[in-house]
Every structure is written in C-alpha cells, then in structure tokens.
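S.K.: A structural model of the following input is requested.
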Amino acid sequence: MLHASNIWFTYPAAPAPTAAADAAAAAVHGVTLDVPRGGLVGLLGPNGSGKTTLVRLLAGTLRPDAGRVTLKGIDLEQQSRAAIARQVAVVPQETHLAFDYSVLEVALMGRHPHLGRFALEGPADVAIARESLAATGTAALERRPFATLSGGEKQRVIIASALAQAAGLMLLDEPTASLDLGYQLDIAALLARLNRERGITMVLATHDLALAARLCRDLVLIRDGRLLASGPIETVLTSAAVADLYGVEAEVRRNQSSGQLTVVPLKRLPPEGRPEGPPTQVRAGLKPGPYDDRPPVVPLPETREPGAQSRVSPVRARLLLTLALFGSVALAAVLLAPLVGSTRLSLARAFSRSIPFTRNVDAQIFFVARLPRTLAGALVGAALAAAGVVFQALLRNPLATPFTLGVSAGAALGAMLVITFPLQLALAGVATVPLASFAGSLGAVAIVYALATARRRGLSTDVLLLAGVTLNAFFSALILFVQYFADFSQTFRTVRWLMGNLDLAEYAAILGALPLTVIALVAFAWLPRSLNLLALGPDAAATRGVDVVGAQRLAFFSASLATGAAVSLAGPIGFIGIVVPHLVRLLVGADHRIVLPASALFGAAFLIACDVVARSLIAPMELPVGIVTAIIGGPFFLWLLIRRA
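M.R.: Residues are numbered from 1 along each chain as shown. Have a look, this model is predicted:
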C-alpha cells in the first residue's frame with residue numbers, strides 16, 4: 001500500500017548527503033520499507049533516530065532529497081495535498097491549538113479534504129465526525145473546549161479527527177507519549193480495535209517497546225536514520241536487536257497469561273559493549289499476513305448520505321444567523337452615525353433639492369463633515385479587524401495585530417518622509433500622503449517576506465514574526481530620525497497623523513483605498529477553513545489537505561494589503577485588530593468561517609462608534625479616533641494577557 005524506496009533526507013542546517021563524508025549528516029539515510037494493506041507496523045528507534053522525520057516523509061509533508069515514496073503505486077509528489085489526505089491520516093505526538101475550538105469542531109477538521117473550496121460541512125459530515133468521536137469514546141465531550149481536556153482525551157479526539165478523514169492509512173507518531181499507564185492502555189486498545197474491525201492500515205512510530213509488542217505484527221527498527229531490521233515481530237524483536245537499538249541489555253520473552261512478547265530491560269550496556277558505526281541492516285521483510293488479503297474497510301463513508309444536501313447545514317445556519325446579526329449592527333452604525341453630532345441635523349433639509357448646496361448647511365454637514373468619515377470608518381474598521389483575524393491565525397498567536405509585522409511602521413515612515421520633505425504627487429485625486437504611506441507599507445511587506453522565505457523551505461512564521469518585530473523597531477527609529485528635521489508645523493502634522501484620524505471631507509481617498517480593501521476581502525473569502533486547520537500547526541494542516549505554503553502566502557499578502565490600505569487612509573489606528581476579533585470569538589466561538597466575516601462587520605461598526613465618541617466627547621473639539629481606540633484597547637489587551645496567563 002505504502003512504499004518507500006531508498007529515501008534520504010537532510011535538514012537545511014546540515015550539508016546535503018552528496019558524498020560519503022556528508023552522508024552521516026542525513027536525518028534519514030537510504031531507508032526502504034513496505035507497509036502492507038491492513039497491516040499494523042511498528043517503527044521503533046531511540047530518541048533522535050529519525051522516526052518523526054520518516055513519518056513526515058511517508059505522509060508527504062517533507063520531500064525526500066533522494067528516493068521516492070509511493071502510495072498505491074503513485075508517487076506522493078505527483079498527488080495534491082487533498083488527494084493524499086483522503087488516503088492518509090496522521091496523528092502527531094502532541095497537538096496545541098491556538099484558539100478555543102470545541103471537540104466537535106476539531107473532529108470536523110478531518111472532513112476538510114472531502115469538501116470543496118467554499119463548501120460547508122453538511123449534516124452527513126457532522127454525523128461522520130460524531131461517529132468518529134463515538135468510536136474513540138469521546139462523544140460526550142463534543143461541546144467541551146479542546147484545551148480543557150486531559151492529555152489522553154486530547155489524543156483520542158485527534159484520533160477521531162483522523163478517523164473522520166475516512167482514510168485507509170493512519171500514521172501515528174508517539175501516540176502515547178506523556179500519557180499515564182491507564183491512558184496508554186486505552187489508546188492501545190482503541191488502535192487495535194480500529195485496525196481489527198475497520199481494516200485501517202497503521203504505522204506506529206514509538207520508542208515504547210511494550211506498546212509495540214502489544215499492538216504490532218511487524219516491526220521496523222531504525223537507528224541514526226538508517227534501517228536496522230524489519231519483519232515480523234517474532235523475528236525482529238530480540239535481545240540482540242534491543243541491545244543494538246538502545247544500548248540496553250534486555251530479556252525478551254513471551255508472557256504466559258497474554259501470550260505477547262515482553263521486554264524486560266536489565267542494564268545499560270557500556271559504550272564498549274555497543275555496536276559501533278552504522279547499524280548492520282537485517283531485513284526479514286514485512287510478510288503479508290492474512291489481514292493483507294482483505295480489502296480495506298474504510299471507517300466511515302466518504303460520500304454524503306442521500307438527501308443530506310437538502311437539509312440545512314448546521315455550520316451554514318450559524319453563519320447566516322451571525323451575518324444577519326452583525327450585518328444589522330454594521331448597517332445601523334452606517335445609517336445612524338451621520339445623524340449624531342454636536343450640531344442637530346435635518347435630513348429633510350439635507351436631501352432637499354430646493355436649497356442650493358452652497359447655502360444648505362445641513363447638506364454640507366451630512367455629505368461633507370459626517371458621511372465621508374462614517375464610510376471611511378466602516379472601510380478601515382472592517383479591514384483592520386479582518387486583517388487582525390488573519391494575522392492571528394497565520395502566526396498562531398491570539399495577541400498578534402495587523403501592525404505586528406511592520407506594515408504600519410513602513411506606512412508611517414512613508415507618510416513622514418513626504419510630510420517632512422514635501423513632495424507634491426497625486427494619483428486619481430488621491431493626495432501625496434496616502435500614496436506615500438501605501439508605498440511604505442509595500443516596502444515593509446517586501447522586506448519581511450524576503451526574510452521569511454530566505455531559506456527557501458516555505459514561509460517560516462517564526463522568522464516572519466521576528467522580522468516584523470525587528471522591522472517595527474527599525475522603522476520607528478527612522479521615523480524619529482526624520483522627525484528631527486521637521487519644523488513645528490510638520491511635526492504637528494506628523495503627530496496628528498500618527499494618532500490615527502478619520503477627519504476626511506472628501507471621497508477621493510476612500511475611493512482610492514476601496515479597490516485594495518475589496519481585493520483583500522475577496523482573498524479572505526478563500527482562507528477561513530485553511531486558517532482553522534493552520535491552528536493545528538503547519539504539518540497537521542498539510543496532513544488534512546491544506547496547501548500550507550499557498551495558504552500562508554495568501555494570508556500574509558491579503559492581510560498586509562488590507563492593513564496598508566487602511567493605514568494609508570486613516571493613519572495607524574491601533575487595537576481594532578485585537579479588540580474586535582477577541583470580542584467576536586467570545587460571542588460566536590473560534591471557527592474562522594464565522595469569526596472572519598463577523599469581525600469585518602463588527603470592526604466597521606466598532607470604529608464608527610469610536611469615531612462618534614471622538615467627535616462628540618469634547619465638542620466642538622474633536623479627538624483623533626486613534627486615542628479613543630487606544631483608551632479602550634490598552635486595558636483590553638492587559639485583560640487578555642491576564643486571562644491567557
């Protein structure tokens with residue numbers, strides 16, 4: 001079913017195995033193995049032997065430097081991530097979610113490879129997820145937040161998510177690591193039952209000899225990235241093999257009551273008593289047992305039951321309800337905000353055609369003083385809130401903001417340069433400062449992305465975060481340097497701009513930012529389900545069918561575009577991108593398919609409301625709206641830190 005042929009892999013920090021002297025640096029060194037259909041194969045080796053790397057190669061989340069891995073005779077590199085995920089499920093050692101998903105939502109993540117780009121889980125998918133939870137004994141936990149479960153419960157839920165993939169092959173990497181004896185026995189019994197009753201082929205990577213002896217029919221021994229031995233457990237699991245593998249003298253015997261092999265460690269062998277150099281390969285071969293002749297019994301149906309599509313999807317029902325509620329709030333804010341202010345307004349006079357506009361004070365207040373800033377507030381609030389959601393998911397950090405990666409600082413530097421060193425430039429009616437600000441944000445995006453992809457192994461979110469933080473500090477220093485050369489009026493303009501303001505009296509700037517924001521929001525529509533899976537981590541997302549690098553790039557560029565457009569229009573208005581997403585998650589949960597559009601709508605309403613407060617609190621004077629959002633956001637951010645601690 002699964003075949004690896006002479007595969008090599010070296011991590012980037014080490015030299016490539018192009019010569020005999022370099023070959024020792026390989027994490028996986030010329031491994032060849034076969035996994036028979038319906039088998040339960042144990043992959044044994046000490047810590048650092050290359051087991052996890054080999055599992056990632058077999059799952060297709062790493063590409064071998066040499067050799068090939070085939071699934072049902074087809075090279076993994078010739079198959080899409082979704083196609084592989086429909087056939088191979090992976091259970092990692094540990095799973096840490098960045099957001100508070102429920103147990104049922106985690107199980108439903110396994111249905112991703114069976115859904116179209118914009119499809120939502122239907123009743124049949126929910127039934128499959130619930131059946132998977134029942135099979136792992138976690139059905140009663142479906143409404144519990146995943147983070148509140150014990151280690152054993154979490155691992156069973158992740159196995160349920162893998163079951164929901166309806167794949168015929170399951171790769172498990174240390175599934176009982178850090179679990180107590182009781183949970184180890186539970187997981188072992190569960191895996192044995194799934195293999196026996198449902199015909200799921202399994203590869204179990206572990207250094208737990210007792211678990212391997214209890215579960216597996218065949219073993220593959222690996223040390224220092226090299227294959228040591230493979231074959232039936234009775235042939236491979238010997239005292240000599242344990243000594244060669246772990247440097248431990250042990251007694252291997254059959255338990256009289258259970259009939260299973262047991263390994264009793266006796267003592268650590270001294271270095272001189274251990275074999276030196278590369279291990280001697282002893283390959284007995286994985287002999288197909290009687291289980292290999294029967295067709296695989298996929299645990300759950302891959303197709304939806306008849307008539308399921310005619311029923312309303314529970315996810316769709318939640319989405320429609322959420323959009324209706326938050327959309328109503330945003331619409332009410334847009335309609336009511338122009339009517340609120342220090343001066344009373346008559347709508348009848350504002351819309352009257354009988355009064356010339358130059359003499360119609362109500363029309364001037366409505367169309368010049370209030371409506372542009374209301375529309376700008378809706379656009380900027382939606383862009384920053386949605387960008388905050390995307391950045392938090394991309395970086396797997398709930399405290400990330402649209403300004404974390406230096407986009408805002410680059411925009412601010414561009415604006416400061418043209419304010420301090422005047423340059424008259426306009427494009428399609430858009431003034432110089434917004435254009436320079438947007439150009440500065442693009443420069444920051446280019447620098448951060450170049451740093452994050454410098455090693456050419458995809459997009460490193462760790463480097464992305466560190467580069468963004470460093471760039472923020474560097475650009476802030478450059479802003480101070482530029483301000484040193486500014487005169488009094490220029491300093492006043494730069495300080496006011498840095499506060500963030502919606503004081504607009506014309507529509508050209510809004511129309512200039514609108515296409516960029518719309519492009520970003522359209523890109524966001526492709527992301528929600530991928531963002532849910534990225535919360536599991538890049539490898540876990542890839543094993544469920546996500547094109548991780550593609551999703552990360554789309555998330556980074558679209559969120560940066562939305563941030564750059566918003567900052568160029570209104571300056572760096574802080575805390576919208578962190579306050580709004582967290583408030584929305586408290587109300588609707590962590591599912592990004594609901595959180596992302598709800599945050600955009602609520603962000604629009606929130607910033608409009610803050611602007612009303614800013615222009616009404618000390619009327620007739622007006623506060624920059626960035627001051628209001630900072631006063632609200634500062635304590636909220638501290639509350640989040642305390643809550644997460």
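
S.K.: what about residue 593, distance to residue 319?
M.R.: 6 Å (C-beta to C-beta, to the nearest Å). In this view, the C-beta of every residue, glycine as well, is placed from N, C-alpha and C.

S.K.: and residue 418, how far from residue 435?
M.R.: Distance from residue 418 to residue 435, by C-beta to C-beta: 8 Å.

S.K.: what sits in contact with each of residue 593 and residue 319?
M.R.: Among the neighbours of residue 593, those also in contact with residue 319 (C-beta atoms under 8 Å, 6 or more residues apart in numbering) are residue 120.

S.K.: which residues sit against the host helix or strand of residue 643?
M.R.: For residue 643, the host element (DSSP states H and E) is helix 625-644. Residues from elsewhere that reach helix 625-644 (C-beta under 8 Å, 6+ apart): 377, 398-399, 499-502, 570-576, 578-579, 582, 607, 610-611, 613-614, 617.

S.K.: rerun that using 6 Å as the cut-off
M.R.: For helix 625-644, the surrounding residues in contact (C-beta atoms under 6 Å, 6 or more residues apart in numbering) are 499-500, 502, 573-576, 579, 610-611, 613-614.

S.K.: got a pLDDT number for residue 429?
M.R.: Confidence at residue 429, expressed as pLDDT, is 62.

S.K.: do the one 10 residues further on as well
M.R.: At residue 439, the predicted lDDT confidence score is 92.

S.K.: what secondary structure does it sit in?
M.R.: helix (DSSP: H, G, I helix; E, B strand; the rest coil).

S.K.: buried stuff in stretch 336-347?
M.R.: By 16 or more other C-beta atoms under 10 Å, the buried positions in stretch 336-347 come out as 337-338, 340-341, 345.

S.K.: next one: that stretch to chain centre, how far?
M.R.: Taking C-alpha atoms, centre = their mean, to the nearest Å, the mean C-alpha location of stretch 336-347 is offset from the chain mean by 43 Å.

S.K.: residues near the residue lying closest to residue 499 once chain neighbours are set aside, how many?
M.R.: Using C-beta to C-beta, 6 or more residues apart in numbering and skipping the chain neighbours, the partner closest in space to residue 499 is residue 624 (3.8 Å). By other C-beta atoms under 10 Å, the residues close to residue 624 number 22.

S.K.: ok, residue 624 - contacts?
M.R.: 499-501.

S.K.: ok now stretch 516-523, how far from the chain's centre?
M.R.: With C-alpha atoms, centre = their mean, you get 20 Å for stretch 516-523.

S.K.: what is the neighbour count of the closest residue to residue 587 other than its chain neighbours?
M.R.: Among residues not flanking residue 587 along the chain, residue 598 sits closest, at 7.8 Å (C-beta to C-beta, 6+ apart). A count of nearby residues for residue 598, using other C-beta under 10 Å, gives 30.

S.K.: where do the strands sit along the stretch 201-350 of the chain?
M.R.: Using DSSP state E, counting those that start in this stretch, the strands of the stretch 201-350 of the chain run over 201-206, 218-223, 226-232, 248-254, 261-268, 282-283.

S.K.: comparing the ones you listed, which yields the minimum mean pLDDT?
M.R.: Taking the mean pLDDT of those, strand 282-283 comes last: a mean of 47.

S.K.: list the residues that contact the most centrally placed residue in the chain.
M.R.: Centroid check for the chain by C-alpha atoms, centre = their mean gives residue 534 as the closest residue, at 2.1 Å. Residue 534 makes contacts with 393, 541, as judged by C-beta under 6 Å, 6+ apart.

S.K.: can you rerun that using 8 Å?
M.R.: 393-394, 396, 541, 546, 548, 551-552.

S.K.: thinking again about what came up before, next, format the contacts of helix 625-644 as a markdown table and append neighbour count.
M.R.: Formatted as a markdown table, the contacts of helix 625-644 follow (neighbours: other C-beta atoms under 10 Å):
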| residue | neighbour count |
| --- | --- |
| 499 | 17 |
| 500 | 26 |
| 502 | 27 |
| 573 | 32 |
| 574 | 22 |
| 575 | 24 |
| 576 | 32 |
| 579 | 25 |
| 610 | 26 |
| 611 | 32 |
| 613 | 16 |
| 614 | 24 |
